[in-house]
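# model this:
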Amino acid sequence: MSSLTDAPESPVTHRKIPDRLDNPLRSALLSWETLLLLVAVVIFIVNSFASPYFLNAWSLSDLTFNFTEKALIALAMALLIIAGEIDLSVASIIALASTLMGLAVQSGADTPTLVAIGIGTGLACGAFNGVLVTGLKLPSIVVTIGTMSLFRGLSFIILGDGVFKGYPKDFGFFGQGYVFWVISFELALFLVAAVIYWFVLHRTNFGRRIFAIGNNETAARFSGVRVAQVKFVLFCLTVLMSGIAAVLLTSRLGSTRPAIAQGWELEAITMVVLGGVSILGGAGSIIGVVIAAFIMGLVTFGLGLLNVPGIVMSIFIGLLLIVVIALPIVYRMARK
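Numbering: from 1, shown residues only. Model (predicted):
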C-alpha cells in the first residue's frame with residue numbers, strides 16, 4: 001500500500017486550445033482579397049506602361065469617376081446578395097430618380113430639393129421592391145426584373161427622346177467637385193460609405209443576422225432573427241445607394257436622359273461577385289468588393305486610354321462575371 005501512496009505524481013500537461021482553426025496571418029495571405037489586391041497592382045503596372053498619360057495625378061482622379069457611383073450601389077448590393085436576395089432594378093431606379101429630378105428642375109427646384117427627390121425616389125422604389133419580396137413572398141429576381149422594366153419605362157414615358165438640362169451650378173459639386181487636391185467628392189463619399197458598410201456587416205449584430213439568413217434562412221428564423229424585416233431594410237439600403245448614385249451621376253453629366261445608367265446593374269453585380277461574395281449567399285466581405293471596384297475602374301479606364309470601343313468593355317465585363325461565378329464551382333469539381 002505504501003508503494004502506491006509514495007508513487008510520484010505524473011506531470012500535468014497543459015493543453016492550449018486555439019480560438020481559431022487557422023493562423024490569422026496565413027489566412028490573410030491566402031485570402032481572395034489578397035489575390036484581388038495583387039491583381040489590382042498588376043493591372044496598375046500594365047496600365048502605366050500601356051499609356052504615358054495614366055500616371056498623371058489628374059488622370060488617376062478621373063479614373064475614380066469610372067466606378068464610384070456603381071461601387072456605391074455594389075456596397076449595399078453585397079449585403080443583399082449575402083442575405084440570399086438580389087436587386088436588378090438599381091439602374092432603372094437611377095433613371096427614374098434622375099428623370100424626376102429633371103422634372104423638378106423645370107419647376108425651379110433648388111439643390112436641396114433635387115437631392116431629396118433623388119434619394120426619396122430611391123427609398124420609395126426600394127420599399128416597393130421590399131414589400132413585394134418580403135410581404136408577398138415573391139422571388140426577388142422575378143420582382144426586380146419586373147420593376148426594372150417598370151421604372152425604366154416610366155422614365156421613357158415622362159421624358160421620351162428628350163433631355164432635361166438647366167441644373168443649378170451648386171448642384172454640380174456632387175458629381176464634379178473636389179474635397180482636396182485630386183480627391184473628388186464622389187471618391188471621398190465612396191470611401192466613407194465603404195467604412196460604414198464594413199462596420200455594419202462585420203462588426204454588428206445586424207451583419208451577423210445577414211450572414212445567418214444567407215447561410216440558412218429557416219435556422220435563422222427559428223433562432224429569432226426577423227428575416228422579413230432584415231431583408232426589407234436591405235432592399236431599402238440598396239436603392240438608397242441607387243438614389244445617391246442618381247444624384248451623383250446627374251450632377252456629373254449635367255443632364256438627364258431616360259437611357260441613363262443603362263447596364264449598371266450588371267457592373268454592380270460583377271463588382272460584388274468579383275469581390276468574393278457568394279452569389280448563393282452566406283459569404284463575402286466589403287473589403288473584397290472595394291478592391292474589385294478599383295480593379296474594374298482600372299480595367300475600364302485603361303481600355304479607354306487605349307481607345308478600346310465601349311462594346312468590347314461590355315463583352316469583357318460579361319465574360320468576367322461568368323468566369324468569377326464559374327471558378328469556385330470548377331474548383332470544387334476538380335477537388336472531388
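# which regions of the stretch 201-336 of the chain sit below the pLDDT cut-off?
331, 336 (pLDDT under 70).
# ok, which stretches of the stretch 101-250 of the chain are strands?
Using DSSP state E, counting those that start in this stretch, the strands found in the stretch 101-250 of the chain span residues 178-180, 183-184.
# so which of those strands is the most packed in?
Each of the strands of the stretch 101-250 of the chain was assessed for mean neighbour count using mean count of other CB atoms under 10 Å. The highest is strand 183-184, with a mean of 18. Bear in mind the C-beta positions are built from the backbone N, C-alpha and C, glycine included.
# elements contacting that strand?
Counting contacts by 3 or more CB pairs under 8 Å, 6 or more residues apart in numbering; DSSP states H and E, strand 183-184 is packed against helix 57-64.
# And for the helix it packs on, what's in contact with it?
The set of residues external to helix 57-64 that reach it, using CB atoms under 8 Å, 6 or more residues apart in numbering, is 53-54, 178, 181-184, 186-187, 190, 297-298, 301, 305.
# how about a cut-off of 10 Å?
Outside helix 57-64, the residues within contact range by CB atoms under 10 Å, 6 or more residues apart in numbering are 44, 47, 51-54, 56, 71, 178, 181-184, 186-188, 190-191, 293-294, 297-298, 300-302, 304-305.
# Stretch 313-333 now?
Looking at stretch 313-333 with CB under 10 Å, 6+ apart, the contacting residues turn out to be 32, 263, 266-267, 269-276, 278-280, 292, 295-296, 299-300, 303-304, 308-309.
# If we use 8 Å, what do you get?
Applying CB under 8 Å, 6+ apart, the contact partners of stretch 313-333 are 263, 266-267, 269-270, 273-274, 278-279, 296, 299-300, 303-304.
# quick one: the residue lying closest to Leu306 once chain neighbours are set aside and Glu85, what's the gap?
Of all residues not flanking Leu306 in the chain, Ala50 sits nearest, at 6.2 Å (CB to CB, 6 or more residues apart in numbering). Applying CB to CB, to the nearest Å, the value for Ala50 to Glu85 is 39 Å.
# Val330 now?
For Val330, the distance to Glu85 (CB to CB) stands at 25 Å.
# Between these two, tell me which one has more neighbours.
Glu85 (25 against 10; other CB atoms under 10 Å).
# wait, doesn't that one sit right on Thr238?
No - Glu85 is beyond contact range of Thr238, at 9.1 Å (criterion: CB atoms under 8 Å).
# Give the full set of residues in contact with Glu85.
Contacts of Glu85 were listed using CB under 8 Å, 6+ apart, and they are 133, 140, 231, 234-235, 281.
# okay, the residues you listed in TSV with neighbour count and distance to Phe156 next?
Converted to TSV, those look like this (neighbours: other CB atoms under 10 Å; distance: CB to CB, whole Å):
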residue	neighbour count	distance to Phe156
Val133	24	25
Ser140	23	24
Lys231	21	30
Leu234	25	28
Phe235	28	24
Gly281	21	33
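# Mark which of these are part of helices, please.
Among the contacts of Glu85, the members found in helices (DSSP state H) are 140, 231, 234-235.
# what's the farthest-apart pair in these?
Distance extremes for the ones in helices among the contacts of Glu85: the farthest pair is Ser140 and Leu234 at 10.0 Å, using CB to CB.
# Pull up the per-residue confidence for the most centrally placed residue in the chain.
Among the residues of the chain, the one closest to the centroid is Ala74, at 1.0 Å (CA atoms, centre = their mean). Looking at Ala74, its pLDDT stands at 96.
# State the distance from the closest residue to it other than its chain neighbours to Phe232.
Sequence neighbours aside, Met271 is the residue nearest to Ala74 in space, at 4.0 Å (criterion: CB to CB, 6+ apart). Look at Met271 and Phe232: by CB to CB, they are 24 Å apart.
# Also Phe65?
Distance of Phe65 to Phe232, computed by CB to CB: 32 Å.
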